[in-house]
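*Asks:* Whatever this is, show me its structure:
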Amino acid sequence: MDRRLCEMRALADPDSFLPTDLGVKRAADLNGLPTDPAALTERAKAWRPWRAYALMHLWHSEAS
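*Replies:* Residues are numbered from 1 along each chain as shown. Next up is the predicted model:
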């Protein structure tokens, strides 16, 4: 398990971000966001300090 996923789930870190997660990459592509982890991380700087919540929205959009 990725350390950042543990931070987000177990430690309730609202700013944990997983740019290499396959679901996040797919959702980023579906939503017109960069899929490259470095570029997505750069884009996600605007979402601080709530990037974990942005991840949940991305995962949800990928599932629907």
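
*Asks:* Flag every buried residue along the helix or strand where residue 56 lies.
*Replies:* For residue 56, the host element (DSSP states H and E) is helix 51-63. Neighbour-count burial for helix 51-63 flags 51, 52, 54, 55, 58, 62 (criterion: 16 or more other Cβ atoms under 10 Å). Heads up, the C-betas are built off the backbone N, CA and C, glycines and all.

*Asks:* Could you single out the nearest of those residues to residue 21?
*Replies:* residue 55 (7.7 Å; Cβ to Cβ).

*Asks:* what's near enough to touch residue 15?
*Replies:* When the contact criterion is Cβ atoms under 8 Å, 6 or more residues apart in numbering, the partners of residue 15 are 48, 49, 50, 51, 52.

*Asks:* Oops, could you answer that again for residue 59 instead?
*Replies:* With contacts defined as Cβ under 8 Å, 6+ apart, residue 59 is in contact with 23, 24, 27.

*Asks:* go again using 10 Å as the cut-off
*Replies:* With contact taken as Cβ atoms under 10 Å, 6 or more residues apart in numbering, residue 59 is in contact with 18, 21, 23, 24, 26, 27.

*Asks:* Return the set of buried residues in the helix or strand hosting residue 27.
*Replies:* Applying DSSP H and E as the criterion places residue 27 in helix 22-30. Residues of helix 22-30 classed as buried: 24, 25, 26, 27, 28 (neighbour count, 16+ other Cβ under 10 Å).

*Asks:* what do you get for stretch 40-52?
*Replies:* 40, 44, 51, 52.
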